[in-house]
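Colleague: Sequence and predicted structure are below.
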Amino acid sequence: MADGSSETKSSNQMWGGRFASGPDAIMEEINASIGFDKKLYAQDIRGSIAHATMLAHQGIISAEDKDKIVHGLDTILSEIDSGAFDFSRRLEDIHMNIEARLAALIGPAAGRLHTARSRNDQVALDFRLWVKEELQKTEKALTGLIAAFLDRAEEHAETVMPGFTHLQTAQPVTFGHHCMAYVEMFGRDRARVRHAIEHMDESPIGAAALAGTGFPIDRHMTANALGFREPTRNSIDTVSDRDFALEFLSIAAIAATHLSRLAEEIVIWSTPQFGFIRLSDAFSTGSSIMPQKKNPDAAELVRAKTGRVNGSLVALLTVMKGLPLAYSKDMQEDKEQVFDAAESLELAIAAMTGMIRDVTIRADRMKAAAGSGYSTATDLADWLVREAGLPFRDAHHVTGRVVALAEQKGCDLADLPLAELQAINSAITDKVYGVLTVEASVASRTSFGGTAPSEVRKQIAWWRARN
Ligand code: ARG
């Protein structure tokens, strides 16, 4: 790469004017971000083309220089795309790597690109564009995951399983209903993504170093060219704000936490002891020593990725918390956290979508477990309230005695003879057996948002119209 300056060979060609010598090797190492911010090359080039076009339109640079700049930037884009670009750590970051290459390609006109701009608004722009695109990808990925769950929920609207609290059998629910709980969670994640896109849809370019510029720039024009709704309103805030990155990480951490809870359920459900699901070969691994094993590695890794994503959020919050306005170099540390979290989240959503699409549901095992653990005890209590007029607290007590009896005899509630039930409470009739089955239990729970198949189907239809 040509170094057209007359400075000593080692001083920086972009800002070395007042420096007599170049940086110490350690300075170069701690300062350089090119190792990770090269990911922003396409956004950087897009931003520079919009900026140069606006400068020419406003008469700040000539049309001829603008054409050279745009042509040169197009060349650089294809060089980087094809892997032919030679990134240099001496040039610190993606912005200066591209500008130096532009100078080598088109000569002095390259020096006009940085008019009315600073790396501070430049990096704010590039990073914002990148995060916005990532949010758009996340929105699509979540839509795919929700679609996978809707299909499984529809298939299993009638499949009974135990519902848990404290991971103890609580009341029977349907697997479809359980799937729809995740649809709600991922639906909220997607709503947060959409809100964040709207929130961050303002263009930073033109804030310059921090105070704006005296050049007659048109920030609405660049905002429009780059697909933003409008320019940001305060130049100081613009170069010091990383809320958009923090919002991305917060949303990612919540979504990853949802994915992790699901991963945990998959791990538990695929054990032989539960046996509720069988993972596909495509999303499990074997053991090198125990031939019988099929391990839920994908689910475990989704669970673990959540630690990385949560860590990234805390890392960037910590970077930002002590910074005075406006830009400080600390903010260069924003990118790796976001890149890593984005990669982890993308992979986690993709793996989970695959697992949900492929998993075999063992309805027989779910049903057998649904009836165990006296899961219909609440139905018995409710029956005593409804049919025998007992206050709920008394009904709860009577049911407790019935459960104790069943436990003592080692049988299910439905297997207790009527005479023994009546010995506990004389108001009990043989009609009670109608509510003691798990199917009757779930079918009865028709309250809005409840587990009855009829209700779950309504919720599926509501989401289908919105997915
Ligand atoms: N590489 C820098 C970053 O990522 C670009 C901005 C540098 N600005 C500055 N004033 N040194 O934050």
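Modeller: Okay, I see it.

Colleague: In the stretch 151-300 of the chain, what residue comes closest to the ligand?
Modeller: A209 (7.2 Å; Cβ to the nearest ligand atom). Glycine gets a C-beta too; all of them are placed from N, C-alpha and C.

Colleague: tell me the contacts of that residue?
Modeller: Residues counted as contacts of A209 (Cβ atoms under 8 Å, 6 or more residues apart in numbering) are 118, 120-121, 239, 326-327.

Colleague: Closest residue of the stretch 301-450 of the chain to the ligand?
Modeller: For the stretch 301-450 of the chain, Cβ to the nearest ligand atom, closest residue to the ligand: Q332, 3.7 Å.

Colleague: wait, what's in contact with the closest residue to that residue other than its chain neighbours?
Modeller: In this structure, Q332 finds its nearest non-sequential neighbour in S33, 5.1 Å apart by Cβ to Cβ, 6 or more residues apart in numbering. Residues near S33 by Cβ under 8 Å, 6+ apart: 92-94, 332, 335.

Colleague: Starting from M161, give me the distance back to S33.
Modeller: In this view, S33 and M161 are 50 Å apart by Cβ to Cβ, to the nearest Å.

Colleague: Then T169?
Modeller: 10 Å.

Colleague: Find the residues that touch each one of the two.
Modeller: The contact sets of T169 and M161 overlap at A369 (Cβ under 8 Å, 6+ apart).

Colleague: which of these two has more neighbours?
Modeller: M161 (29 against 19; other Cβ atoms under 10 Å).

Colleague: where does the residue sitting nearest the centre point of the chain land in three-state SS?
Modeller: For the chain, A252 is the residue whose C-alpha lies nearest the centre (Cα atoms, centre = their mean; 3.5 Å). Here A252 is helix, with the state taken from DSSP: H, G, I helix; E, B strand; the rest coil.

Colleague: hang on, isn't it packed against E346?
Modeller: No: in this structure, A252 is not within contact of E346 by Cβ atoms under 8 Å, at 9.7 Å.

Colleague: list the residues that contact both of these two?
Modeller: In contact with both A252 and E346: T138, using Cβ under 8 Å, 6+ apart.

Colleague: among the contacts of S33, which are in strands?
Modeller: Using DSSP state E, no member of the contacts of S33 falls in strands.

Colleague: from those residues, which is closest to R229?
Modeller: Using Cβ to Cβ, K335 comes nearest to R229 of those, at 23.9 Å.

Colleague: elements contacting the helix or strand encompassing S441?
Modeller: Using DSSP states H and E, S441 sits within helix 438-444. On a contact count with 3 or more Cβ pairs under 8 Å, 6 or more residues apart in numbering; DSSP states H and E, helix 438-444 meets strand 160-165, strand 168-174, helix 363-371, helix 377-388, helix 453-464.

Colleague: Just the CA atoms of the second one, as PDB, please.
Modeller: Written as PDB, here are the backbone C-alpha positions of strand 168-174 (Å, rounded to 0.1, in the frame of the first residue of the first chain):
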ATOM      1  CA  GLN A 168     -43.000 -31.200  40.300                       C
ATOM      2  CA  THR A 169     -46.100 -32.500  38.500                       C
ATOM      3  CA  ALA A 170     -48.800 -29.800  38.900                       C
ATOM      4  CA  GLN A 171     -51.700 -30.100  36.500                       C
ATOM      5  CA  PRO A 172     -52.100 -31.700  33.200                       C
ATOM      6  CA  VAL A 173     -51.600 -29.500  30.200                       C
ATOM      7  CA  THR A 174     -51.200 -30.100  26.500                       C
END
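
Colleague: Which element is encountered next along the chain beyond that strand?
Modeller: Next along the chain after strand 168-174, taking DSSP H and E as the criterion, comes helix 175-199.

Colleague: So which bits of that next one are buried?
Modeller: 175-183, 185-187, 189-190, 192-193, 196-197 (16 or more other Cβ atoms under 10 Å).

Colleague: Repeat that for stretch 121-138.
Modeller: 121-132, 134-135, 138.

Colleague: and which of those residues is nearest to the ligand?
Modeller: Ranked by distance to the ligand (Cβ to the nearest ligand atom), the buried residues of stretch 121-138 are led by V123 at 4.0 Å.

Colleague: What is the neighbour count of K458?
Modeller: K458 has 14 neighbours, counted by other Cβ under 10 Å.

Colleague: count of neighbours near the nearest residue to T285 once chain neighbours are set aside?
Modeller: Spatial nearest neighbour of T285, chain neighbours left out: D297 (4.6 Å); criterion: Cβ to Cβ, 6+ apart. D297 sits with 15 neighbouring residues when counted by other Cβ under 10 Å.

Colleague: okay, the contacts of S33 in TSV with pLDDT next?
Modeller: Below are the contacts of S33 laid out as TSV (pLDDT from 0 to 100):
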residue	pLDDT
E92	96
D93	97
I94	98
Q332	98
K335	98
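
Colleague: So which of those residues sit within helices?
Modeller: 94, 335 (DSSP state H).

Colleague: Pick out the most distant pair among the contacts of S33.
Modeller: Farthest pair in the contacts of S33, by Cβ to Cβ: E92 and K335, 13.4 Å.

Colleague: Now for the residue nearest to the centre of the chain: which residues touch it?
Modeller: By Cβ under 8 Å, 6+ apart, the contact set of A252 is 138, 309, 312-313, 341-342, 344-345.

Colleague: again, but for A84
Modeller: Listed by Cβ under 8 Å, 6+ apart, A84 has no contact partners.
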